[in-house]
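Student: Any chance you can model this:
(chains A and B)
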Protein chains: 2
Amino acid sequence: MSRLPLEKKVLNENDRIAAGLRERFERSRVFCLNFISSPGAGKTSLLERTLERFAPSERVALLTGDIQTDNDAKRLARFGFPVKQITTGGTCHLDARMIERALADWPLESLDTLLIENVGNLVCPSSYDLGEAAKVVVLSVAEGEDKPLKYPAIFFKAELMVLNKTDLLPYVSFDLGQARAAALQVHPGIEIVELSCKTGEGFDHWIAWLARRRGLALNQ
Amino acid sequence: MSRLPLEKKVLNENDRIAAGLRERFERSRVFCLNFISSPGAGKTSLLERTLERFAPSERVALLTGDIQTDNDAKRLARFGFPVKQITTGGTCHLDARMIERALADWPLESLDTLLIENVGNLVCPSSYDLGEAAKVVVLSVAEGEDKPLKYPAIFFKAELMVLNKTDLLPYVSFDLGQARAAALQVHPGIEIVELSCKTGEGFDHWIAWLARRRGLALNQ
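Tutor: Numbering: from 1, shown residues only, chains lettered A, B, ... in the order given. Reported below is the predicted structural model:
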């Protein structure tokens, strides 16, 4: 029994809705990023530290996906920016329809930046376009440097790889050079930022990338 | 557009094949485990350390699933036991049909134990029965103690949670008590073993569980 035709139909339908979202984001000048990683690689921590850097006047909002619990939305809400939890109830990824629904009562005109934290899964979310300007993949150094080769789709599609938890480097066997080489082998154009959400080391590089990429998107 | 009916059909078909596998395993007295975790939680390391403990006369074989690369099969093959890589080419989980195919030229009568390392994914593999006697979920302390609540399906279905990388406990904020409580909240009957594949701490508990569970399966 072949699943391919139906999968293709679902993905085509998703692409159609995502294209509509992308058009709306561009028209309303909203810069949107889609964060993807394994469970526990540090997406929520990255977003927490990022929100700390934003002035209260920044027009940023967040959507955070999880199979169960609204833990992440609670963690993120304390910075005062609008946050909405999307609980997928078993589904292993966010899709464009979920984003469309979540945005139904948020006027895009009130936003400059929309940060979407996907379900923790290095595989399935890479197939679902959410209308974002760019995908960001987060890899923790505790996961091993071979992950870009073993899960190539998301490293191929992401513009940026954030190598998180560099504070753990002395305690894990993780070869930064090999990790960089693996990511570049899969996606020669990928940008790479190494940082620790815990110590803040390298965080300025991420903030600089974010500002630069946002400028690029909004000046298009 | 609803995906549910087709998903159900696919899962029913998988269950049918898995039931056939389970019957064959029981008839041939093969004890089969299905290891599931996030990418980089340490499934392959756990299997490496486990194979080190087996005498060369043990009739154990391994199937290891990955989207791309045969890195894991290479790591595991050096212990001299039969290992086969299943490269899914994009699919986010192993299914029963893949196991059936991989076993086509392995006479089950020559085996006592079959260890299956699933694709690194805490979500999708939990839905696909492979005919195993039990599922084992591996969680690294670098991933955070809330994971059983956020990804409940696999913690509900696994008989054992292996909490790996305890050597990192001094360097990460991970509350062992909370992790245990979260797992038990989702699945009151789950057994829990804490260990470090790196230092070997706690490993005897895992080996004892394995021996006990195998005895239970084969005396049924």
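Student: measure the closest residue to A:Ser37 other than its chain neighbours to A:Tyr151 for me?
Tutor: Distance criterion CB to CB, 6 or more residues apart in numbering or on different chains; nearest residue to A:Ser37, sequence neighbours excluded, is A:Val138 at 3.8 Å. From N, CA and C alone the C-beta is placed, and that goes for glycine too. Here the criterion is CB to CB, to the nearest Å. By it, A:Val138 lies 12 Å from A:Tyr151.
Student: Same question for A:Pro39.
Tutor: Distance of A:Pro39 to A:Tyr151, given as CB to CB: 13 Å.
Student: between the two, who's got more neighbours?
Tutor: Neighbour count, other CB atoms under 10 Å in any protein chain shown: between A:Pro39 and A:Tyr151, A:Tyr151 has more, with 29 against 26.
Student: What count of nearby residues applies to the residue nearest to A:Ser37?
Tutor: Look at A:Val138: counted by other CB under 10 Å, it has 29 neighbours.
Student: you'd agree it is in a strand?
Tutor: Yes: per DSSP: H, G, I helix; E, B strand; the rest coil, A:Val138 lies within a strand segment.
Student: residues contacting it?
Tutor: A:Val138 makes contact with A:35-37, A:41-43, A:46, A:161-162, A:164, according to CB atoms under 8 Å, 6 or more residues apart in numbering or on different chains.
Student: Looking at these, which are in helices?
Tutor: Counting by DSSP state H, the contacts of A:Val138 place A:43, A:46 in helices.
Student: Return the subset of the contacts of A:Val138 lying in strands.
Tutor: Mapping the contacts of A:Val138 onto strands (DSSP state E) picks out A:35-37, A:161-162, A:164.
Student: I'd guessed A:Lys150 sits against B:Asn71; true?
Tutor: Yes: at 6.7 Å, A:Lys150 counts as touching B:Asn71 under the criterion of CB atoms under 8 Å.
Student: Between those two, which is the more surrounded one?
Tutor: A:Lys150 (22 against 16).
Student: how far away is the more buried one from B:Ala73?
Tutor: Counting by CB to CB, the gap from A:Lys150 to B:Ala73 is 12 Å.
Student: Can you work out which residues contact both of these two?
Tutor: Jointly contacting A:Lys150 and B:Ala73 under the rule CB under 8 Å, 6+ apart is no residue at all.
Student: In contact with A:Ser127, which residues are there?
Tutor: A:11, A:93, A:153.
Student: repeat for A:Cys32
Tutor: A:Cys32 sits next to A:21, A:25, A:113-116, A:130-133 when contact means CB under 8 Å, 6+ apart.
Student: so what's the residue nearest the centre of chain A bridging to?
Tutor: Centroid check for chain A by CA atoms, centre = their mean gives A:Phe35 as the closest residue, at 0.7 Å. Beta-bridge pairing for A:Phe35 (DSSP bridges): A:Glu117, A:Val136.
Student: For it, give me the pLDDT.
Tutor: Listed pLDDT for A:Phe35 reads 98.
Student: Which residues are in contact with it?
Tutor: Here A:Phe35 is in contact with A:43, A:46-47, A:115-118, A:135-136, A:138 (CB under 8 Å, 6+ apart).
Student: so how far is A:Ala41 from it?
Tutor: With distances taken as CB to CB, A:Phe35 is found 10 Å from A:Ala41.
Student: how about the helices in chain A?
Tutor: Counting by DSSP H, the helices of chain A are A:4-27, A:43-53, A:71-77, A:96-102, A:147-150, A:152-157, A:176-186, A:203-218.
Student: returning to what we had before: which members of the contacts of A:Ser127 are classed as buried?
Tutor: Among the contacts of A:Ser127, those classed as buried by 16 or more other CB atoms under 10 Å in any protein chain shown are A:93, A:153.
Student: Reformat the contacts of A:Ser127 as JSON lines; add distance to B:Gln178 and pLDDT.
Tutor: Listed next are the contacts of A:Ser127 as JSON lines, based on distance: CB to CB, whole Å; pLDDT from 0 to 100:
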{"residue": "A:Leu11", "distance to B:Gln178": "38", "pLDDT": "88"}
{"residue": "A:His93", "distance to B:Gln178": "27", "pLDDT": "96"}
{"residue": "A:Ala153", "distance to B:Gln178": "33", "pLDDT": "97"}
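Student: show me where pLDDT drops low in chain A?
Tutor: Chain A contains residues with pLDDT under 70 at A:1-4, A:220.
Student: and chain A, which residues reach chain B?
Tutor: Proximity of chain A to chain B, by CB under 8 Å from any CB of the partner chain, involves residues A:1, A:3, A:6, A:9-10, A:13, A:38-41, A:66-69, A:71, A:90, A:92, A:119-124, A:140, A:142-144, A:146-147, A:149-153, A:165, A:167-168, A:171-172.
Student: ok so, going back, and the contacts of A:Phe35, which two are furthest apart?
Tutor: Greatest spacing in those, by CB to CB: A:Leu47 and A:Lys135 (14.7 Å).
Student: Closest one to chain B out of the contacts of A:Ser127, please.
Tutor: Within those, proximity to chain B (CB to the nearest CB) peaks at A:Ala153, which comes in at 6.9 Å.
Student: The closest one touches A:Pro125, doesn't it?
Tutor: No: here A:Ala153 does not reach A:Pro125: they are 9.7 Å apart, not a contact under CB under 8 Å.
Student: surely A:Asn14 meets A:Ala96?
Tutor: Yes: at 5.0 Å, A:Asn14 and A:Ala96 qualify as touching, with contact defined as CB under 8 Å.
Student: if we can go back for a sec, select from the ones in strands among the contacts of A:Val138 the one having the most neighbours.
Tutor: For the ones in strands among the contacts of A:Val138, the largest neighbour count, defined by other CB under 10 Å, is 31 neighbours, found at A:Ser37.
Student: so what's it up against?
Tutor: Residues counted as contacts of A:Ser37 (CB under 8 Å, 6+ apart) are A:43, A:118, A:120, A:122, A:137-140.
Student: From B:Phe203, how far out is it?
Tutor: For A:Ser37, the distance to B:Phe203 - CB to CB - is 28 Å.
Student: how far away is the closest residue in space to A:Leu6 that isn't next to it in sequence from B:Glu145?
Tutor: Excluding the flanking residues, the one nearest A:Leu6 by CB to CB, 6+ apart is B:Leu6, at 5.4 Å. Distance, B:Leu6 to B:Glu145, using CB to CB: 36 Å.
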